[in-house]
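Chemist: would you be able to build a 3D model of this:
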Amino acid sequence: MPVRPMLSLLLGLTLVATAARASDLDDCNAEVPPPAPAARPSAEGYWLDARTLQWPGLKLQAGERLRLYHARAAGLKPRVGEVVAGADGVVELQPSATPLPTRFRFIGDGPRVAVPASADVAALLREQLLLVHEAADGRVIAATSVQLPGALDDLYAAADKVDDLGVHPTRARTRFAVWAPTAQRVLLCRHAGAESPAIAVDAMRQDAATGVWRAELPGNLSGQSYRYLVDVVTPTHGRVRNVVTDPYSVALTADSRRSVVADLASSALKPKGWDAAPRPNRVKAATDQVIYELHVRDFSVSDATVRPDWRGKYLAFTEGGSNGMKHLQALSKAGLTDVHLLPVFDLASVPERGCKVPTVPDAPADSEAQQAAVMAVAANDCFNWGYDPWHFNVPEGSYATDPHEPTTGRSLGGSTPSGGGDAHLASPGGVFRRVVEFRQMVMALHSAGLRVGMDMVYNHMAAAGQAQKSVLDRIVPGYYHRLNAQGEIERSTCCDNTATEHRMMAKLMIDSAALWVREYKIDSMRFDLMGHQPREAMEQLQQRVNAEAGRPVQLLGEGWNFGEVANGARFVQASQLSLNGSGIGAFSDRARDAIRGGGAGEGGDDSVRRQGWLNGLVYAPNALGNGKPEELLAAADMIRVGLAGSLRGYELTTWRGEKKRLDAIPYGDQPAGFVSEPGEVVNYVENHDNQTLFDVNTLKLPLATSRDDRARVQMLGAAFVAFSQGVAYFHAGQDILRSKSLDRNSYDSGDWFNRLDWSYRTNHFGTGLPPRQDNHGQDGRDWALARERLADPSIAPGPAEIAWARDVFRDLLKIRASTTLLRLPNAAEIQKRVSFPGSGASQNPVLIATRIDGRGLAGARFKAVMTLINVAPTAQVLELPAEESQPWVLHPVQRHGADLRSRGARYAAGRFEVPARSAVVFVME
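Modeler: As a prediction, this is how the structure comes out:
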């Protein structure tokens, strides 16, 4: 049966869409429906390139064959033992000798076949396709759908050079472009305003070379809302008509119902002074970064010094006299360089209109009542971390004031719309408020001397398939998401994984990152689960954002190695072990785990028993502690690994007396040293994930530990980060003993368990049992351990301990900022200057000293620096005869610092005396 004729070509370049009909206008006004029950056909076949397919695992017997059936209306019926019914045509396939492309090295062996040159592959990709295993007489033995990304990337390779995806209004015309190579028809729905019915439906036409559909209309349509009608074959629902927003949206109506035409370069979308506003220039090398990870809503939702309408919003950062902004200003003055915001792109989990605020009862410190009240409305409350992307290029609307307010036509911030372009643009009211207020936030932080970083989440989407909040998969089904061998979407990241190894998903990620740098002046970026992305894509992204900014934009991320991509199964990952040499930073779990004890995800008695170097391993055992001396020695060496920047080639004399490169010291089944340069490691002991450091220490420190010592232990963890080579990363509130009442996963735990108190009266420990979902534990053991601690009135710090920690933390930042010796820019300088006196077989593992030679280094300020961290509850002494003649003195900051105990540190004739649970710095001036 021959391949049926396809749509005619217009001048060999574009496919002409059918003219819009009256019924199309009705479809433009439809709501996105919940998906109907879905078929779950397997998709075991792979289209490797434009002409080659493979069916892994299949064995062809003599006389059997593979054929490719297609049907425009998706009516194929491949019943075993019968001939295929419902086909518009069939393609005869021949065995292929084409080598397996490297990108498909993960698939199994199986017959590889070629599509004949006479077949119109582009047309086939717009239809339902089945690869059928047949007997010689044409009866079906087996059938499978085919995974299309290989063909799409090959056939439409030119698409990644397209630079006009999305909407582009100018004075004379407005252009729309969307990549939809498998669509049979795409129409543009337009609405006069955010809520009004459709005023027009316009035909779009497809460029045959790129698969991009375009429409160009006269006039500047800024302020109109729009969506696409896409007729396309899906693997689960057959042929459908989807009404869907633009993946390249730059503005949205409330709750992301429609995309909005906007020119982000318009003066009406810029706060007064935006273009000329200076940005901080305090980071000369990646290692200069001192980062504070902060959630927009956490920052101000409970700050009574912020006007009520701005609490939890972008504009809270513009309230310069608020307690929160005073806190950030003080940190900036002390040496903080960057505020990294948890996801601030459009997210799916928080209603932008009518989100709920729970009424939390006044209940005992260990009560279940608080979490019950919070979780009762969690699905519709105003809080979520935001790791559920919906539209990558638009600021989240729930952080804007009145995201649903009708547009008013007034100008913004003293800026008068100018020219024909701006005259058509709706005001900052309504749909554009989020754009303007985000920019106002950035300006305010820059004005405080702080660079702005963003948490970029490109590794998964909030939804896929035909789900209501799915965008990518409803335009190009089966392309943007990573699939397993059966064609199901991989979910190792928690949600519907994206496939940034595919050309156009990588392009979307890179284009999006470039937009945030260009249009919102983002200075640095943190990538969620970056190890699920190819190193090559991340390096391309680095080049692009640097070019957009005209300066380096520092990138860092979670380089964890797990899931379907682990160990380079599909590509060279942007993971810890394969990023070295890229200049991109990855979080280090080496010293983090050694410091905290245990690891992420532990529960039950292990969360108490597995103490770390910081909280009592061997030297101050808790009631369940059973650590062995060699575990403490190994932990101390892992701390030194972190202090040396986790450099692969740095040599350390270990507790066994062996001199080893850090990449020869084991960390489980991986090397402890994993980076080539210090800018590639991010040092931290606390972030938004897992329990806060205060809460971890609450579990692991002996119960009798005093409030004062709990604060001291917290600051010793901060000192490790401040004194380590590499990028310094802190969680907001770490400096004020932040607690989440022992919640280990507060992503959906509401404001109650995520609060910050910039008045320094409480750290919110003992505000109820954490939510049952992630904290109850097997047989309720985690809650039982939590109850024991939450009910103990001696644990929660008072204002005095919080203020002490706040001030000591600022001293630590000042010390790091005072000298380039604590942030050396490259591996060669670390190899040359950093040593660990007192290490080796005879070491005292509770006292770690780092010596850094400053001779000849610009910005060193001191001839040498000696940092010492004593985690023991008793004073410790380090004898260094080689230093007998050296004039060591306490660092100038600590001579008059907030920690009176550290002021008592002494040095004389090679003997360093370090008070109990103290971090001290000596210098040679």
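Chemist: could you check the pLDDT of the nearest residue to Thr287 once chain neighbours are set aside?
Modeler: Nearest residue to Thr287 in three dimensions, chain neighbours excluded: Arg823, at 4.2 Å (CB to CB, 6 or more residues apart in numbering). To be clear about C-beta, it is placed using only N, CA and C from the backbone, and glycine gets the same treatment. On pLDDT, Arg823 comes in at 98.
Chemist: from what I can see Arg823 touches Arg816, true?
Modeler: Yes: between Arg823 and Arg816 there is a contact at 6.6 Å, judged by CB atoms under 8 Å.
Chemist: next one: the residue positioned nearest the centre of the chain relative to Phe383, how far apart?
Modeler: The centroid of the chain falls nearest to Asp528 when counting by CA atoms, centre = their mean (2.5 Å). Counting by CB to CB, to the nearest Å, the separation of Asp528 from Phe383 is 18 Å.
Chemist: what's the neighbour count on Ala304?
Modeler: Using other CB atoms under 10 Å, Ala304 has 12 other residues around it.
Chemist: my error: substitute Ser42 in the last question.
Modeler: Other residues within reach of Ser42, judged by other CB under 10 Å, total 14.
Chemist: for Arg823 and Arg816, list the residues in contact with both.
Modeler: Taking CB atoms under 8 Å, 6 or more residues apart in numbering as the criterion, Arg823 and Arg816 both touch Ala728.
Chemist: report pLDDT for the closest residue to the residue nearest to the centre of the chain other than its chain neighbours.
Modeler: Of all residues not flanking Asp528 in the chain, Val457 sits nearest, at 4.3 Å (CB to CB, 6+ apart). With respect to pLDDT, Val457 has a value of 98.
Chemist: isn't Val457 right up against Val344?
Modeler: No: using CB under 8 Å, Val457 is not in contact with Val344, being 10.4 Å away.
Chemist: spit out the residues that contact the two alike.
Modeler: Gly386.
Chemist: for Asp589, what are phi and psi?
Modeler: When read as degrees, to the nearest 10, the backbone of Asp589 gives phi -90, psi 0.
Chemist: so who does it touch?
Modeler: Asp589 neighbours (CB under 8 Å, 6+ apart): 599-600.
Chemist: so Lys284: helix, strand or coil?
Modeler: Put simply, Lys284 is coil when judged by DSSP: H, G, I helix; E, B strand; the rest coil.
Chemist: dump the residue contacts of it.
Modeler: When contacts are counted by CB under 8 Å, 6+ apart, Lys284 touches Pro825.
Chemist: cool, and the one 4 residues further on?
Modeler: When the contact criterion is CB under 8 Å, 6+ apart, the partners of Asp288 are 282, 337, 823.
Chemist: Ala444 now?
Modeler: So, once contact is read as CB under 8 Å, 6+ apart, Ala444 ends up touching 317-318, 320, 325.
Chemist: list phi and psi for the closest residue to Lys77 other than its chain neighbours.
Modeler: Distance criterion CB to CB, 6+ apart; nearest residue to Lys77, sequence neighbours excluded, is Ala85 at 4.2 Å. Torsion angles at Ala85 (phi, psi; degrees, to the nearest 10) stand at phi -110, psi 160.
Chemist: just Leu880 next, same as before
Modeler: Backbone torsions for Leu880, taken as degrees, to the nearest 10, come to phi -130, psi 90.
Chemist: that one touches Gly838, doesn't it?
Modeler: Yes: using CB under 8 Å, Leu880 is in contact with Gly838, at 7.0 Å.
Chemist: what touches both of these two?
Modeler: In contact with both Leu880 and Gly838: Ala849, using CB under 8 Å, 6+ apart.
Chemist: out of the contacts of Ala444, which sit inside helices?
Modeler: Met325 (DSSP state H).
Chemist: can you pull the pLDDT of Gly193?
Modeler: 87.
Chemist: where do the helices sit along the stretch 701-850 of the chain?
Modeler: Per DSSP state H, counting those that start in this stretch, the stretch 701-850 of the chain has helices spanning 707-723, 772-775, 781-790, 799-818, 827-833. These are given in chain order.
Chemist: paired strands for the longest strand along the chain, with orientation please.
Modeler: Secondary structure assigned by DSSP state E gives strand 225-234 as the longest strand of the chain. Sheet pairing for strand 225-234, assigned by DSSP bridges, gives strand 185-191 (antiparallel), strand 238-244 (antiparallel), strand 259-260 (antiparallel).
Chemist: now it: how far from the chain's centre is it?
Modeler: Distance, stretch centre to chain centre, for strand 225-234: 28 Å (CA atoms, centre = their mean, to the nearest Å).
Chemist: how much space between Arg439 and Arg535?
Modeler: 32 Å.
Chemist: ok, now Ala827?
Modeler: Using CB to CB, Ala827 is found at 19 Å from Arg535.
Chemist: what sits closest to His891 if chain neighbours are left out?
Modeler: Nearest residue to His891 in three dimensions, chain neighbours excluded: Val921, at 4.0 Å (CB to CB, 6+ apart).
Chemist: hmm, the one you found is touching Phe862, no?
Modeler: No: using CB under 8 Å, Val921 is not in contact with Phe862; the gap is 9.6 Å.
Chemist: who has more neighbours out of those two?
Modeler: Val921 (29 against 22).
Chemist: list the contacts of the residue nearest to Arg185 when sequence neighbours are not counted.
Modeler: Counting by CB to CB, 6+ apart, Arg185 lies nearest to Asp231, which is 4.1 Å off, once chain neighbours are set aside. The neighbourhood of Asp231, defined by CB under 8 Å, 6+ apart, consists of 183-186, 239-241.
Chemist: tell me if I am right that the residue nearest to His891 is in a helix.
Modeler: No: under three-state DSSP, Val921 falls outside any helix and is assigned strand.
Chemist: where's it relative to Ala860, distance?
Modeler: Following CB to CB, the distance that separates Val921 from Ala860 is 14 Å.
Chemist: check Leu336 too.
Modeler: For Leu336, the distance to Ala860 (CB to CB) stands at 21 Å.
Chemist: which of the two has more neighbours?
Modeler: Between Leu336 and Ala860, counted using other CB under 10 Å, Leu336 has the larger neighbour count: 28 against 21.
Chemist: which SSE is the more buried one in?
Modeler: Secondary structure assignment for Leu336, by DSSP states H and E: no helix or strand.
Chemist: ok, it - contacts?
Modeler: Here Leu336 is in contact with 290-292, 328, 450, 813 (CB under 8 Å, 6+ apart).
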